[in-house]
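Q: Provided below for reference: sequence and predicted model.
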Amino acid sequence: MSALWHQTQSLHPAFKRFNDCLKDDWFLLPYELRLQATHARTLADAGILSSTDADAIATALDEIKRAYIASPSNAMGAPAPLELGDCPASDAEDIHTWLEVELTQRVGDAGKRIHSARSRNDQVATLLAMYLIDSADQLGNHLTHLVRTCAVRAKTWAEIIMPMQTHAQFAAPGSAGFWILRFGDAFNRWNRRAAWLHKDWQHDCPLGAGAVAGSSIPIDRQQQADGLGFDSPALNALNATSSRDNCLEWLALLGHIGITMQSFAADALAFCQTPFDWVDYPKAFGTGSSMMPNKHNPDAMELLRGEACALTAAHHQATTLMKGLTSGYQRDLQTIKPLVRNATETTFNLLSLTTDFIAALEFKQDQLAACFNDGNLMATLAMEDLVKQGTPLRSAHHQIAQRIADGETFNAITPDTLKQYATTGSPNPSITIAAADTLLKDLDDHHR
Ligand code: ARG
């Protein structure tokens with residue numbers, strides 16, 4: 001039995017399976033260690049821990065960190081992301097319990113004082129906030145790389161003419177560059193959202209809220225907020241321990257990113273369907289058929305489309321979980337942690353896949369140019385030529401429709417034709433290139 005509360009009998013195994021969450025908590029270890037170190041200093045300043053005990057705790061926390069977290073450096077000697085060791089086999093209920101036991105084994109009675117002026121309820125809310133703040137930063141790096149890749153490809157592909165579609169029917173002339181910039185624009189918006197959330201979540205620190213109504217032990221909560229990188233302590237202990245608004249915001253953002261990635265995958269899959277055959281699907285992103293030697297399948301895009309469902313699903317599960325909970329910590333909240341961690345990891349992996357796929361993708365220009373042989377893709381531009389010469393729009397619309405009905409075609413198009421039309425939000429190559437440059441400048445100005 002390893003619990004922080006007074007346990008008088010073993011838990012029923014059917015319950016214990018759900019009660020214990022050390023494995024699910026393990027990803028929070030780096031944050032738990034930082035939290036403990038800051039809390040120990042705050043308790044020492046409040047006179048609850050002696051400075052000798054606080055030093056002993058700091059040393060023990062360093063030892064635990066070295067035992068479970070590697071800080072590798074890459075080949076150039078630069079710091080690389082932390083590598084978390086395996087979760088130890090332990091009977092501890094959760095990471096807070098496990099760490100208090102570890103500390104107490106190393107520092108004796110000082111370990112028994114560390115939980116003063118706090119509860120696991122404010123602790124877990126703080127750890128999640130710290131994790132989300134770091135993750136939003138990492139998400140910004142992923143999105144920046146992806147948006148940059150889209151913008152660079154948009155410039156390269158600005159003169160590869162391509163039919164744009166509405167209702168999945170050919171509609172108007174565009175270019176492959178114009179198409180990929182649709183995703184650069186969308187992912188850039190999510191990048192701005194991630195940056196905003198990253199800042200907003202630093203606003204207040206739940207630690208010190210205690211179980212539900214604070215603590216009468218006079219700790220300096222501003223010192224805790226400062227130590228953990230927040231602006232100030234949370235104003236209301238009840239809200240700080242009840243709310244998982246930051247998790248919901250994060251999962252909503254990841255769900256939106258998932259929808260954008262699914263849309264990208266759906267486009268890429270449409271483009272490589274046999275009747276279209278617009279792209280040279282990169283071989284490293286597909287597999288063959290075990291039966292049909294003629295097949296090469298676009299599995300990576302199908303998996304992207306399939307795996308991204310987990311992101312909207314995680315948001316749905318989390319909102320269902322939170323809906324109707326009364327104020328004050330309740331154990332249901334424990335189940336949000338794996339949703340957050342899994343959705344975060346899935347998003348980062350899928351964003352890497354999307355970015356690398358875009359960098360490897362090539363278009364078949366001849367196949368695309370052949371699409372302009374029918375479909376009258378120039379009809380709207382021809383109609384607008386009449387409008388610009390003074391014909392009322394509705395009359396021009398009817399005139400062109402009649403000319404099509406009479407057998408006239410509006411198919412002649414080359415990259416040079418596109419250059420003559422500076423349409424709004426335009427597929428005109430020079431306007432696509434200028435828009436891509438605007439995105440690249442935005443990244444340089446705001447996202448490293
Ligand atoms: N393991 C819980 C969680 O992750 C925190 C512990 C809360 N337990 C309690 N009895 N208040 O949400």
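A: Looks like it arrived, so ask away.

Q: surely Leu254 is within a strand?
A: No: secondary structure assignment (DSSP: H, G, I helix; E, B strand; the rest coil) places Leu254 in helix, not in a strand.

Q: for it, give me its contacts.
A: Applying Cβ atoms under 8 Å, 6 or more residues apart in numbering, we find Leu254 in contact with Leu311, Ala314, His315, Ala343, Thr344, Thr347. In this view, the C-beta of every residue, glycine as well, is placed from N, C-alpha and C.

Q: pLDDT at it, what is it?
A: We have a pLDDT of 98 for Leu254.

Q: any idea how far it lies from the ligand?
A: Plainly put, Leu254 is 20 Å away from the ligand if you go by Cβ to the nearest ligand atom, to the nearest Å.

Q: list of residues touching whichever strand or helix holds Thr104?
A: Assigned by DSSP states H and E, Thr104 belongs to helix 95-107. The contact list for helix 95-107 (Cβ under 8 Å, 6+ apart) reads 2-4, 21-22, 25-26, 28-29, 32-33, 36, 53, 56-57, 60-61, 63-64, 88, 90, 92, 110-112, 114-115, 120, 123-124.

Q: pLDDT weak spots in the stretch 301-448 of the chain?
A: 448 (pLDDT under 70).

Q: which bits of the chain sit near the ligand?
A: Cys21, Asp94, Arg120, Asn121, Val124, Tyr329, Leu333, Gln334, Lys337 (Cβ under 6 Å from any ligand atom).

Q: recalculate using a threshold of 5 Å.
A: Asp94, Arg120, Val124, Leu333, Gln334 (Cβ under 5 Å from any ligand atom).

Q: alpha carbons of stretch 35-44, as CSV, please.
A: The C-alpha coordinates for stretch 35-44 follow below in CSV (Å, rounded to 0.1, in the frame of the first residue of the first chain):
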residue,chain,number,x,y,z
LEU,A,35,7.3,22.2,-8.6
GLN,A,36,8.7,20.4,-5.6
ALA,A,37,11.9,22.4,-5.7
THR,A,38,10.0,25.7,-5.8
HIS,A,39,7.6,24.6,-3.1
ALA,A,40,10.5,23.5,-0.8
ARG,A,41,12.1,27.0,-1.1
THR,A,42,8.8,28.7,-0.4
LEU,A,43,8.2,26.5,2.6
ALA,A,44,11.7,27.3,3.9
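
Q: center of this structure - which residue?
A: With distances taken as Cα atoms, centre = their mean, the residue of the chain nearest its centroid is Leu254 (4.5 Å).

Q: hang on, the earlier thing: tell me the one of the residues of the chain next to the ligand nearest Ile48?
A: For the residues of the chain next to the ligand, the residue nearest Ile48 by Cβ to Cβ is Arg120; the value is 18.0 Å.

Q: now do the closest one, the pLDDT please.
A: 98.

Q: what's the nearest residue to it if we skip its chain neighbours?
A: Spatial nearest neighbour of Arg120, excluding adjacent residues (Cβ to Cβ, 6 or more residues apart in numbering): His96 at 4.7 Å.

Q: any of the contacts of helix 95-107 buried? List them.
A: Buried residues within the contacts of helix 95-107, counting neighbours by 16 or more other Cβ atoms under 10 Å: 21-22, 25-26, 28-29, 32-33, 36, 53, 56-57, 60-61, 64, 92, 110-111, 114-115, 120, 123-124.

Q: show me the residues you listed that map onto helices.
A: If you go by DSSP state H, the buried ones among the contacts of helix 95-107 have 22, 25, 29, 32-33, 36, 53, 56-57, 60-61, 64, 110-111, 120, 123-124 in helices.

Q: and the residue of the stretch 151-300 of the chain nearest the ligand?
A: Closest contact between the stretch 151-300 of the chain and the ligand, by Cβ to the nearest ligand atom, is at Ala211 (6.5 Å).

Q: now do the strands in the stretch 251-400 of the chain.
A: Counting by DSSP state E, counting those that start in this stretch, the stretch 251-400 of the chain has strands at residues 279-280, 287-288, 296-297, 362-363.

Q: include mean neighbour count and distance to Phe264 when you put these into a markdown table, please.
A: As requested, these are arranged in a markdown table below (neighbours: other Cβ atoms under 10 Å; distance: least, Cβ to Cβ, whole Å):
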| stretch | mean neighbour count | distance to Phe264 |
| --- | --- | --- |
| strand 279-280 | 16 | 13 |
| strand 287-288 | 12 | 20 |
| strand 296-297 | 14 | 18 |
| strand 362-363 | 18 | 15 |
